[in-house]
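Asker: Sequence first, then the predicted structure, then my questions.
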Amino acid sequence: MLLVVFNDFFGKEEDYHIFILLFFISMMVWMIRWLIIQIKFILRLKKDKTQAELMHLKSQVNPHFFFNTLNNLYGLVEKDTAKAQELILKLSDMMRYSIYEGQNDWVTLADEITYLENYMDLHKMRYHKEITVRFDVDVEDSHVKIMPLLLIIMVENAFKHGVEKLRKDAFVYIRLKATSQNIDFEIENNFDTEEQVGNQGIGLNNLKKRLELVYLNKHELEISSKRADIYTIRLRLTL
Amino acid sequence: MSIKYIIVDDESVAHDIIKKYCSLLPNMQLMQHCYDAIEAIEYLSHNEVDLIFLDLNMPKLKGFEFLKTLSHSPKVIVTTAYKEHALEGYELNIVDYLLKPFSFERFLKAVNKVRTDTQKVPSNTQSTVSDEKQGRFFLRSENKYIQIVMDDILFIESSGNYIKIVLKEEIITTRGKLASMMELMPIDSFLQVHRSFMVAQKHIKRIEGNQIFLDNYTVPIGKLFKVQLERLLK
């Protein structure tokens, strides 16, 4: 039937072949367009998902750390009011930072450093045992931007798996070097070799995911161990 | 009988808090500060205690793993910032689970549980019932904490936000509701006879009309409670 109509319209068979060709080409074009729209749609979905994932990965203040700190403050209030007041300020700075600044895409390195310092100061007061914490900062320009709450993951790790698990002689050494082009962060801590490695990976996986999402091809993460009981992690970022 | 206790916690301020709370109570005797479970095991291998205040997250040996190593475990009150381990704790027969930071009132409730429990335990030979009635507990009245022997209670009266505990020798007033007192009392020896009165069954002298006579006091019987009382008399 169709053939009859075509033949009537074009008259010759060769013309009809051209028509078929044209028909398929336009079909193809239409399909490719359709495909592109679909792919765009999927990509947009994926981007939204990444954004959501990123928000989720930017962890808030660890609840156990928070409650333990509150307990310490509760006990300290009576004994040393001035010290307690000082620590309450540090804790509220931390809370404010993680709640508000943590939602931003970028923060200044200076703010992030203050956050790390507050975290460590609050940690130092907790334990009965002596712990050694060193934080060497060598920053050319403290206004360079960094993804918020990134470095804290490594610091938390060091305290969680090192300091908390050791009965004595625990140490954490941190070295931070930054220029306007790059940030070099290294953290070294000792740990108990007999301690079973449980969910040690969670924080680190979180870190890796976030680096992939924000510093794609602009980061280097290096984990090493210069002694059986020492764990070193080094992160270099290109800004 | 004093309660001998140790504190097992790696945070020194946590020790200070517990020690201070205990110092407000009579008959609490601190035996040892332990800053991790290893120290506690060492101490317990040579000494006996009645009660352990135990933190969960500690170096080397976690609180619960430590508990599992004890063959004859004393009473345990867990003190921790971790909400999520409570269930496991009760499986290990702990007395109470305190979430840091905790108030003195909450702490007192936990310690009172230990007291009523320890009083029950030694009563394995003779009269279990009378020993159980020997129970004691602490009550806050104004700024003091008063130890009350359950046996001495004649009756308890509530009025508004306060309750009056009438003992043979004295009357103690404290904030609270009758319902919360009822939880503390052994059910079989105390009887609610009125919306705001609860009497000690053993101290009843006589019942006349709508009144109960105890020692030199009279207590009214509520309409709703009369039936219960009659059932008792049969």
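Answerer: Great, that's in hand.

Asker: near chain B, which residues of chain A?
Answerer: A:63-64, A:67-68, A:70-76, A:78-79, A:125-129, A:164-167, A:192, A:194-195 (C-beta under 8 Å from any C-beta of the partner chain). For the C-beta atoms, the positions are set from N, CA and C on the backbone; glycine is no exception.

Asker: Tell me how far the residue nearest to residue A:185 when sequence neighbours are not counted lies from chain B.
Answerer: Spatially, and ignoring its direct neighbours in sequence, residue A:185 is nearest to residue A:235 (4.8 Å; C-beta to C-beta, 6 or more residues apart in numbering or on different chains). To chain B, residue A:235 is 27 Å away according to C-beta to the nearest C-beta, to the nearest Å.

Asker: And the strand or helix carrying residue A:78, what does it pack against?
Answerer: Applying DSSP states H and E as the criterion places residue A:78 in helix A:63-79. Contacts defined by 3 or more C-beta pairs under 8 Å, 6 or more residues apart in numbering or on different chains; DSSP states H and E place helix A:63-79 against helix A:81-100, helix A:109-124, helix B:12-23.

Asker: and the residue of chain B most remote from its centre, what pLDDT?
Answerer: Largest separation from the mean C-alpha position in chain B: residue B:209, at 35.7 Å (C-alpha atoms, centre = their mean). Note on residue B:209: pLDDT of 84.

Asker: What of residue B:83?
Answerer: At residue B:83, pLDDT is 88.

Asker: just residue A:41 next, same as before
Answerer: pLDDT for residue A:41: 85.

Asker: cool, residue A:110 as well?
Answerer: 95.

Asker: Please enumerate the helices of chain A.
Answerer: All helices of chain A, identified by DSSP state H, fall at A:2-10, A:13-57, A:63-79, A:81-100, A:109-124, A:151-161, A:201-214.

Asker: Residue A:84 touches residue A:76, doesn't it?
Answerer: Yes. Taking C-beta atoms under 8 Å as the definition, residue A:84 is a contact partner of residue A:76 at 4.3 Å.

Asker: The two: who's more crowded?
Answerer: Ranked by neighbour count (other C-beta atoms under 10 Å in any protein chain shown), residue A:84 and residue A:76 place residue A:76 first, with 21 against 18.

Asker: how about the residue positioned nearest the centre of chain B, secondary structure?
Answerer: Compute the mean C-alpha point of chain B, and by C-alpha atoms, centre = their mean the closest residue is residue B:112, 1.9 Å away. The three-state label given to residue B:112 by DSSP: H, G, I helix; E, B strand; the rest coil is helix.

Asker: Going through the residues of chain A next to chain B, which ones are buried?
Answerer: The neighbour count (16 or more other C-beta atoms under 10 Å in any protein chain shown) marks A:64, A:67-68, A:71-76, A:125-127, A:129, A:164-167, A:192 as buried among these.

Asker: Within range of chain A, give me the residues from chain B.
Answerer: Counting by C-beta under 8 Å from any C-beta, chain B sits next to chain A at B:10-17, B:20, B:35-36, B:38, B:57, B:59-60, B:81-82, B:99-101.

Asker: what's the neighbour count on residue 27?
Answerer: Since no chain was named, I'll use chain A. Residue A:27 has 10 nearby residues by other C-beta under 10 Å.

Asker: Hmm, no, I was thinking of chain B.
Answerer: 13.

Asker: quick one, what contacts it?
Answerer: Listed by C-beta atoms under 8 Å, 6 or more residues apart in numbering or on different chains, the contact partners of residue B:27 are B:1, B:2, B:3, B:147.

Asker: With respect to chain A, which of those residues is nearest?
Answerer: Nearest to chain A among the contacts of residue B:27, counting by C-beta to the nearest C-beta, is residue B:3 at 21.6 Å.

Asker: What number of neighbouring residues does that closest one come out with?
Answerer: 19.

Asker: Residue 226 - nearest residue in space that isn't next to it in sequence?
Answerer: You didn't say which chain, so I picked chain A. residue A:232 (6.4 Å).

Asker: wait, chain B
Answerer: Nearest non-adjacent residue to residue B:226, counting by C-beta to C-beta, 6+ apart: residue B:210, 7.6 Å away.

Asker: So that neighbour is in contact with residue B:218, correct?
Answerer: No. With contacts counted by C-beta under 8 Å, residue B:210 stays clear of residue B:218, the gap being 9.9 Å.

Asker: Spatially nearest residue to residue A:70, not counting backbone neighbours?
Answerer: residue B:101 (5.4 Å).
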